[in-house]
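Peer 1: Sharing a sequence plus its predicted fold:
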Amino acid sequence: MKRTAVCLALWLAVTTAGAAVDLAAGAAKAQVCFACHGPQGVSQTAQTPSLAGQPDGFLQWQLVFFRSGVRKNPVMQPMAASLTDDDIRNLAAYFAAQKPPAAGSNGAADAALYAAGQQLALRNRCASCHRDDYAGMQAAARTAAQREDYLLSALRAFKAGTRTGGGVAAMPDVVYPLGDDELRALAHFMAHLP
């Protein structure tokens, strides 16, 4: 797995160096993504993440992981299988340029659950990868205002070892010792960030 991550990191560095991005091509290619990920990448579909405002590098990594089969998903693997390197760069740039979900888009927060999640995020140094505002950076996802159901599903998958491709080293180490109630609190906190 480590070898795969190193190879993919090298691929990403080589293929993005000097590559021109075509936002119009990304927007055109993204039309099919809207069916699940919502208009301009703000999801209204259960268990489906919002892509709008995600870091460009994170999006590229995930598409490469889906295309290569390193990250498993019965819907995304076939969708990504035919993407070219240019398609990946263009799609990632397009979604990264979109306005992320608005604060409050996940409804009202439960104060106790939010506070518990905030403490877990501090204790586990989530901001060291995802930034203080949880907007993500480089290959780390934007978690702020992401769908709560999706965040919980992703945390559970990292804990179970069934999600690979990005965060392979850090995420399982962080979530493995956490109970399901703690995962729920963490997902709730992230989903309700202002």
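Peer 2: Yep, that arrived. Residues are numbered from 1 along each chain as shown.

Peer 1: Now do the contacts for residue 138.
Peer 2: Contacts here follow C-beta atoms under 8 Å, 6 or more residues apart in numbering; on that basis residue 138 touches 55, 57-58. For the C-beta atoms, the positions are set from N, CA and C on the backbone; glycine is no exception.

Peer 1: Which of the residues you listed are buried? Put it as a PyMOL command.
Peer 2: For the buried members of these, the matching PyMOL selection, counting by 16 or more other C-beta atoms under 10 Å, is:
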select buried, resi 55+57+58
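
Peer 1: my read: residue 190 touches residue 143, true?
Peer 2: Yes - contact status for residue 190 versus residue 143: in contact at 4.2 Å, counting by C-beta atoms under 8 Å.

Peer 1: Touching both of these two, which residues are there?
Peer 2: Between them, residue 190 and residue 143 share the neighbouring residues 134, 151, with contact defined by C-beta under 8 Å, 6+ apart.

Peer 1: quick one: the most centrally placed residue in the chain from residue 179, how far?
Peer 2: Compute the mean C-alpha point of the chain, and by C-alpha atoms, centre = their mean the closest residue is residue 141, 4.2 Å away. Distance from residue 141 to residue 179, counting by C-beta to C-beta, to the nearest Å: 22 Å.

Peer 1: okay, now residue 137: neighbour count?
Peer 2: Residues lying near residue 137 (other C-beta atoms under 10 Å) number 13.

Peer 1: close enough to count as contact, it and residue 128?
Peer 2: No - contact status for residue 137 versus residue 128: not in contact, 10.4 Å apart, counting by C-beta under 8 Å.

Peer 1: Helices along this structure, start to end?
Peer 2: Shown for the chain, the helices assigned by DSSP state H span residues 2-16, 23-30, 34-37, 56-68, 76-81, 85-96, 111-123, 127-130, 148-160, 170-175, 180-191.

Peer 1: Throw those into TSV and include distance to residue 44 and mean pLDDT, thanks.
Peer 2: Rendered in TSV, the data for the helices of the chain read as follows (distance: least, C-beta to C-beta, whole Å; pLDDT from 0 to 100):
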stretch	distance to residue 44	mean pLDDT
helix 2-16	30	45
helix 23-30	16	97
helix 34-37	9	98
helix 56-68	19	96
helix 76-81	18	96
helix 85-96	16	98
helix 111-123	23	98
helix 127-130	23	94
helix 148-160	12	96
helix 170-175	26	90
helix 180-191	14	98
